[in-house]
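> using only what follows, build the 3D model:
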Amino acid sequence: MNDIHAILKKHWGFDNFRPLQEDIIRAVLDKKDTLALLPTGGGKSLCFQVPALAMDGICLVISPLIALMKDQVENLKRKGIPALAIYSGMHYTEARKTLQNACFGNYKFLYLSPERLETELFLEFLPAIKPCLVAVDEAHCISQWGYDFRPPYLRIANLREHLPGIPVIALTASATHDVQNDICEKLHFHQTHARFQQSFARPNLSYSIFSPPAKQTKLLEILQNVPGSSIVYCKSRRRTQSLAELLLQQGISAGYYHAGLSSEQRSSRQEAWIGNKIRVMVSTNAFGMGIDKPDVRFVMHYDIPKSLEGYYQETGRAGRDGGEGQCITYYSYKD
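Next up is the predicted model:
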């Protein structure tokens, strides 16, 4: 079944694509290297998932986060689409079995981190996997001008030597002009590549900035008046814990999250928040990339964020279901 509208209807239940999605999908099906810039919550995943389902072969999806991979694989399985993932911490035997399934099973997607592309095990199986498409998610990670530079992303282009003629689609929610050019250069895009950029306006979100005399009092006041799932971003790990404890003392269900926690702790807290067992996640910017929770009503920056791109990405986690989202930032004179 290669009709993209039939694929969309069968697996996602939609009659029509969002703006630019169909153009991006048709560029990929025309075997063009493609850069897609869509706002957070703008449906980036469909732009590689639909064309991959319309092609023969498996799609390699390069993704930076284990939680994101697991989330997308589970979402695809719920739609009846067979998908696999290889991530750090997997036993060698399990990773080998997964790659064997990718070669000989009826799977359409294989998710893996950029680090995994360089392993002897993966390169051993690559000729038999026969990918039809390579999708690079969170592609800003490839750029030294991006806000989340990750060196292994630079070596993704080495994969192209093994896969001549296979198109690459790079996807991100925010990239300046320099970052866009850097992505295309580092991924060795052909001169005839396609670029698509949707407006980053999110009309369902409101943005406010305050310099309150007492941050904690203002935060409690807002949370008591704005119902629903929330994220509060802080600069320091220590503050995430102290703020979460304060909220708990005030009867507000909260947890904290930062890169210093174990992977098990991070995973369990993230799942509790996604499942609405925790209402407020107080976190550093280590939390949230790739998290597709539709009903976040409130995102606060308790401290001023590091960059405008980071601010856009983080506030963009609100209102992905199209409902209202409030984005509030605190600042002080020294900021």
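> setting aside sequence neighbours, what's the nearest residue to residue 170?
Of all residues not flanking residue 170 in the chain, residue 139 sits nearest, at 3.7 Å (C-beta to C-beta, 6 or more residues apart in numbering). Glycine gets a C-beta too; all of them are placed from N, C-alpha and C.
> next, count neighbours for the one you found.
Per other C-beta atoms under 10 Å, the neighbour tally for residue 139 reads 31.
> repeat that for residue 119.
15.
> and it, its phi and psi?
phi -80, psi 150 (degrees, to the nearest 10).
> quick check, pLDDT for it.
Predicted confidence (pLDDT) at residue 119: the value is 89.
> if I look at it, how far off is residue 60?
14 Å (C-beta to C-beta, to the nearest Å).
> and the contacts of the helix or strand residue 270 falls within?
Using DSSP states H and E, residue 270 sits within helix 263-274. For helix 263-274, contacts defined as C-beta atoms under 8 Å, 6 or more residues apart in numbering pick out 66-67, 89, 229, 255-257, 261, 278, 281, 287, 291, 293.
> just the buried ones from those?
66-67, 229, 255-257, 261, 278, 281, 287, 291, 293 (16 or more other C-beta atoms under 10 Å).
> what's the most distant pair in those residues?
66 and 229 (21.9 Å; C-beta to C-beta).
> re earlier: looking at it, the residue nearest to residue 170 is touching residue 174, isn't it?
No: the criterion here is C-beta atoms under 8 Å, and residue 139 misses it with residue 174 at 10.6 Å.
> check contacts around residue 201.
Contacts of residue 201 (C-beta under 8 Å, 6+ apart): residue 39.
> and it, backbone torsions?
Dihedral angles phi and psi of residue 201 (degrees, to the nearest 10) take the values phi -60, psi 140.
> state the distance from it to residue 322.
Residue 201 is 14 Å from residue 322, by C-beta to C-beta.
> can you pull the pLDDT of the residue nearest to residue 170?
For residue 139, pLDDT reads 91.
> mind listing what it touches?
35, 153, 170-172, 175, 183, 187.
> from the residues you listed, which ones fall inside strands?
Of the contacts of residue 139, the ones assigned to strands by DSSP state E are 35, 170-172.
> dump those residues to JSON lines, plus distance to residue 238, pLDDT and neighbour count.
Compiled in JSON lines, those are given as follows (distance: C-beta to C-beta, whole Å; pLDDT from 0 to 100; neighbours: other C-beta atoms under 10 Å):
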{"residue": "35", "distance to residue 238": "39", "pLDDT": "97", "neighbour count": "25"}
{"residue": "170", "distance to residue 238": "36", "pLDDT": "97", "neighbour count": "30"}
{"residue": "171", "distance to residue 238": "34", "pLDDT": "95", "neighbour count": "23"}
{"residue": "172", "distance to residue 238": "31", "pLDDT": "89", "neighbour count": "26"}
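> which one of the residues you listed is nearest to residue 298?
Nearest to residue 298 among the ones in strands among the contacts of residue 139, with distances taken as C-beta to C-beta, is residue 172, at 24.6 Å.
> just give the nearest non-adjacent residue to residue 179, would you?
Per C-beta to C-beta, 6+ apart, closest to residue 179 is residue 143, 4.5 Å.
> isn't that neighbour right up against residue 149?
Yes: counting by C-beta under 8 Å, residue 143 does reach residue 149; the two are 6.7 Å apart.
> who's sitting farthest from the centroid in the protein?
residue 213 (35.1 Å; C-alpha atoms, centre = their mean).
> doesn't that one lie inside a helix?
No: assigned with DSSP: H, G, I helix; E, B strand; the rest coil, residue 213 falls outside any helix and is coil.
> give me the contacts around the one helix or strand residue 73 maps to.
Per DSSP H and E: residue 73 is located in helix 66-78. In this structure, residues lying in contact with helix 66-78 by C-beta under 8 Å, 6+ apart are 45, 49, 61, 63, 82-85, 87-89, 108-109, 111-113, 137-138, 263, 266-267, 270, 289-292.
> coming back round to it: OK, contacts around the residue nearest to residue 179?
Neighbouring residues of residue 143 by C-beta under 8 Å, 6+ apart: 149, 175, 178-179, 182-183, 186.
> where does the stretch 1-150 of the chain dip in pLDDT?
For the stretch 1-150 of the chain, the stretches flagged by pLDDT under 70 are 1-2, 41, 146-147.
> I'd guessed residue 306 sits against residue 284; true?
No: the pair residue 306 / residue 284 is not scored as a contact, 10.6 Å apart, by C-beta under 8 Å.
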